[in-house]
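> Give me coordinates for this.
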Amino acid sequence: VQLVESGGGLVQAGGSLRLSCAASGFTFDDYAIGWFRQAPGKEREGVSCINNSDGSTYYADSVKGRFTISSDNAKNTVYLQMNSLKPEDTAVYYCAADTVCHLGMDYWGKGTLVTVSS
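Below you'll find the predicted structure:
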């Protein structure tokens, strides 16, 4: 199983970024892919998740209305569109995979850094 994140970078507050999570080594359509983040000195938190088997999605309250998760099953890739970014969104963002969305997912990528300047 391999998960590779990309798309992180430096952006000003109010700006947008789109993160990608390219997955391989498992049946993509049967799995859930989640996005998590960890800011310096803070615990990892769940951001969003999509269940590829039924298309259901979940969002943390802190990102609802600003972030959108989507899945391209033909490319085995999940995206996280992040709009109206805030400095508090600064973190390393990880994607993870498991059969269902939950905090302790089985497979993890190495992460991509998102920095939002004020």
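> Quick check: the gap between the residue nearest the centre of the chain and Ser118.
The chain has Trp35 as the residue nearest its centroid, 2.7 Å off, counting by Cα atoms, centre = their mean. From Trp35 across to Ser118, the span is 23 Å (Cβ to Cβ, to the nearest Å). No exception for glycine: its C-beta is placed from N, CA and C like everyone else's.
> and what of Asp61?
Asp61 is 22 Å from Ser118, by Cβ to Cβ.
> likewise Asp29?
Asp29 is 40 Å from Ser118, by Cβ to Cβ.
> what's the answer for Glu43, then?
23 Å.
> Compare those two and say which one has the larger neighbour count.
Ser118 (9 against 6; other Cβ atoms under 10 Å).
> Setting aside sequence neighbours, what's the nearest residue to that one?
Pro87 (4.7 Å; Cβ to Cβ, 6 or more residues apart in numbering).
> same deal with Thr77?
Nearest to Thr77 is Ala22, by Cβ to Cβ, 6+ apart, at 5.1 Å.
> Settle this for me: that neighbour is touching Asn76, isn't it.
Yes. With contact defined as Cβ atoms under 8 Å, Ala22 reaches Asn76; the gap is 6.6 Å.
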